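quick one: sequence and predicted model below, then my questions.
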Amino acid sequence: MRDAAPQTIYLADYTPFGFIIDSVSLHFDLDPRKTRVKSRIAFRPNPDATDNTFFLHGENLNLISAMIDGTPVTPKLTEAGLTCDVPDAPFVWEAEVEIDPTGNTALEGLYMSNGMYCTQCEAEGFRKITYYPDRPDVMAVFTVTINGPHPVLLSNGNPVSAAEHVAEWHDPWPKPSYLFALVAGDLVAHPGSFTTKSGRDVALNLYVRPGDEGKCAFGMQALKESMKWDEDVYGREYDLDLFNIVAVDDFNMGAMENKGLNVFNSSAVLASPETSTDMNFERIEAIIAHEYFHNWTGNRITCRDWFQLCLKEGLTVFRDSQFTSDIRSASVKRISDVIDLRARQFPEDQGPLAHPVRPESFQEINNFYTATIYEKGAEVIGMLKLLVGDDAYAKAATLYFDRHDGQACTIEDWLRVFEDTTGRDLTQFKRWYGQAGTPHLSVTEAWDHGKLTLHFKQHTPPSAATPDPQPQVLPIAVGLIDQDGDEVEETNILEMTQAEQSFVFDNLGTRPIVSILRGFSAPVVLTQDLSDADRAHLLAYDTDPFNRWEQGRILARSSLMAMILEGKKPNKDWLKGIRAVISDEHLDPAYRALMLGLPSQSDLARALAEDGHTPDPDIIYAAVEATRAAMAKSYANLLPTLYRRHTVSEDYEPDAIQSGKRALSNAALSLLTRIDDAAAAQKQYDAADNMTQQLSALANLIHAGKGSKAVQAFEAQWKDDRLVMDKWFGLQVMEADPEEAHEVVETLTKHADFNWKNPNRFRSVLGAFAAHHGGFHHASGAGYRLLADWLIKLDPLNPQTTARMCSAFQTWKRYDADRQALIKTELDRILAQPDLSRDTTEMLTRIRGA
Ligand code: BES
Ligand code: ZN
């Protein structure tokens, strides 16, 4: 039932809906195969609309009856919904439809997961529940009754009444349909409570499947911390008597911010020391914060249309990063965010999927929940805050909440509160929302008798989305470090607006070393002609923790590039510089652990391609392995102490201090494993009493080729824990040798517990494989074929998860002609499938190009 010719939707075509909704009531009679949904919606003509066609979205609905003001009507049904003649005055629309939650494998709309009913409506899933104007600018007050034989029956807002097998809910806050949620099942509540700063008592619950009660405490704590933080930092209070979170096993994304009833992928909320790693805990804390923060940035103020998605997502990612920076280490968070931006957003912005933070057109909105909209969208807000300053940022945010509460807004509304607060003209800044592509920034220095001139040039490579990019506003944070390692000039924010621009620092004694783009003040690719010696100096002395790390990373990258291109040995000065940093006991262990990281293989492939070379995945893999071996040898006398000193012996806490220590001891362990015959890893595996230690030991054992016994033991220990088994599946793929990775995947996909219809399990194997650079890009093409086979299999069931995984192919033009030909064959093979989903078709057509 797909459109023959996919339709493209344009931002420029926006028009308001012809009607206003005064109230909505929904009634559900739950049944696994035949759920009945009755809707009663009070419409009246919208005086601001020019088009008064009465069109309601609806997909896969079986219409039982429809009435207007109590009189039966016969609407005209189409693939996408219905139209009907309606009075030119207020009227009440009533309809009854039948839907099939069990048959809903796409996990969008109302579906079933392990016997429980669950909904996912963002972006356009509500139309699979009932006929409705399923667009974010139509906001309404909902009343919901649920009839079903389940102990727990939940919807948005506050409970009105509950009897056996029936519950009534009322949400007083007008909301768009994408924030609707319903959950029903045999669930247990982990309760909590929070008192807002104005004294409102809020009941909190985390609903989970029986058996998962022991994994709730951390999520509940994170929720309370998020509620407090949003009050303290943004002055935002929660606005209902109840806040519920539900954990569900089958979920396409991480989590969803439905009003008063957040729904979470169980992997994004359930945690215990025995089953979750430090990284899991940190991610859970951030996601809970993110979805909670949406209550103001997304729910109370929503998006006018889906082109404005970054208005809620970019801003909310920015807010959750601020939260994590505040409660953990700000520099560690910033470095991790930049690593992530370069791993996910840069390839997107520099390849066939490039699009602006606010796109101008799309076919399938689900394909636009991208790293560009999220991560670059958050970077844009960070730049805005740097440019206007913290106080003006706070004032503008408050004005945004005051002025737009209850509205469906645009990026223009967001920028206007900054213009009104500061008097600045943000016309040029707005290009960050409209232009695709990563700006390249280069800088040259001139030194003349105490005067240092920095000359900057910016250039954004043209793309199909933005053929003629114009100069953007770049906040460039610069500091100066002298030869003794002292800071002679603290951080200045230079504001670059032209294609070329110079900035002068005067009255300097000796020539300093320039520390540029501190804190990664703008999401650009920087070229700075700095000698290795100067970089080593900044690695040792820069007062900006980000740039200190960055110099180490650049040195590592040039060392790797020289190995790859010229067959050189790892750079000794870099090894020495890193040794000094990791030995510095004054530095945060988490920060030192980051210093032991290397650019990813895929980052190296991108850097090589950027310099005009054709990356060879085998050579890249070998260079990384040789570098790790050289690190292990060079730090041999340091590693045992580094490892032991940071091994935590106290009771497990997932906090920043303990997890930082474990990160460093485990980073040391992975090098140690290369010189001690995996003895320490085996010992750690045998003694581990938490998942962070157990999993890191297992990873090292597998990587060293000594994992088979531990792999078996791990499976025997954890076979009944779904989330831990996802790790077991994923780790074997991640740690596989490139030569064997596709066979490992083939074996794992035949495992009895490889339930490929579950998105987490599918991702744990196929997602890990798509991210395994050497294995996926195996010269035989076996990797490409394997992924394509699975995408073809999953697409008819779950287009959204299939389409997201297609991005594995987005970098294909970087590689050699043979690999490109192999990939093209697979892209064409998938595209030739009959009834390929709109989601996957759009992704692959864009990736493939003409
Ligand atoms: N609103 C999204 C969830 C969503 C995404 C619904 C795509 C429908 C389609 C939610 O707020 C979100 O952004 N979740 C992220 C996690 C977050 C921490 C960035 C996710 O699910 O990955
Ligand atoms: Zn979000």
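Yep, that arrived. Ligands and ions are numbered 1, 2, ... in the order given.

outline the domain layout of this structure.
Taking automatic domain parsing as the reference, the chain has its domains at 1-184, 187-288, 302-434, 440-529, 617-848.

now render these as JSON lines, adding distance to Trp296, mean pLDDT and mean neighbour count.
C-beta coordinates here come from the backbone N, C-alpha and C atoms, glycine included. As requested, these are arranged in JSON lines below (distance: least, CB to CB, whole Å; pLDDT from 0 to 100; neighbours: other CB atoms under 10 Å):
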{"stretch": "domain 1-184", "distance to Trp296": "11", "mean pLDDT": "96", "mean neighbour count": "18"}
{"stretch": "domain 187-288", "distance to Trp296": "5", "mean pLDDT": "98", "mean neighbour count": "20"}
{"stretch": "domain 302-434", "distance to Trp296": "6", "mean pLDDT": "98", "mean neighbour count": "20"}
{"stretch": "domain 440-529", "distance to Trp296": "25", "mean pLDDT": "98", "mean neighbour count": "16"}
{"stretch": "domain 617-848", "distance to Trp296": "26", "mean pLDDT": "98", "mean neighbour count": "19"}
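
which one, of those domains, ends up nearest to Ile564?
domain 617-848 (4.9 Å; CB to CB).

for ligand 1, give me its nearest residue in the stretch 301-450 of the chain.
Shortest the stretch 301-450 of the chain-to-ligand 1 distance, computed as CB to the nearest ligand atom: residue-wise this is Tyr369, at 3.9 Å.

quick check: that residue vs Gly125, distance?
As for Tyr369, its distance to Gly125 is 13 Å (criterion: CB to CB, to the nearest Å).

equivalent analysis for Met631, please.
48 Å.

just the CA atoms of the regular element (helix or strand) spanning Tyr433, as CSV, please.
Using DSSP states H and E, Tyr433 sits in helix 431-434. This file holds the C-alpha atoms of helix 431-434, laid out as CSV (Å, rounded to 0.1, in the frame of the first residue of the first chain):
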residue,chain,number,x,y,z
ARG,A,431,22.9,30.4,7.3
TRP,A,432,23.8,27.7,9.8
TYR,A,433,20.3,26.5,9.5
GLY,A,434,20.0,26.8,5.7
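
can you offset everything so residue one is 565?
Sure, I'll start counting at 565 from here, so that last one is helix 995-998.

which non-adjacent residue is nearest the residue in the stretch 1065-1214 of the chain that ligand 2 sits nearest to?
Residue nearest to ligand 2 within the stretch 1065-1214 of the chain: Pro1087 (19.0 Å; CB to the ion). Distances taken as CB to CB, 6 or more residues apart in numbering put Glu943 closest to Pro1087, at 4.3 Å, once the chain neighbours are dropped.

quick check, the host helix or strand of the one you found touching ligand 2?
With elements taken from DSSP H and E, the one containing Glu943 is helix 941-952. No: using CB under 5 Å from the ion, helix 941-952 never reaches ligand 2; the gap is at least 10.3 Å.

okay, that helix in CSV with CA atoms only?
Taking Å, rounded to 0.1, in the frame of the first residue of the first chain, the C-alpha atoms of helix 941-952 are listed here in CSV:
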residue,chain,number,x,y,z
GLY,A,941,21.7,21.5,15.5
ALA,A,942,23.1,21.5,19.1
GLU,A,943,26.4,22.9,17.9
VAL,A,944,24.6,25.8,16.3
ILE,A,945,23.0,26.7,19.6
GLY,A,946,26.4,26.4,21.3
MET,A,947,27.8,28.9,18.9
LEU,A,948,24.9,31.3,19.4
LYS,A,949,25.5,31.1,23.2
LEU,A,950,29.2,31.8,22.7
LEU,A,951,28.4,34.8,20.5
VAL,A,952,25.8,36.5,22.7
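
how distant is the helix or strand harbouring Arg1156 from the center of its chain?
Using DSSP H and E, Arg1156 maps to helix 1153-1159. What separates the centre of helix 1153-1159 from the centre of its chain is 23 Å, taken as CA atoms, centre = their mean, to the nearest Å.
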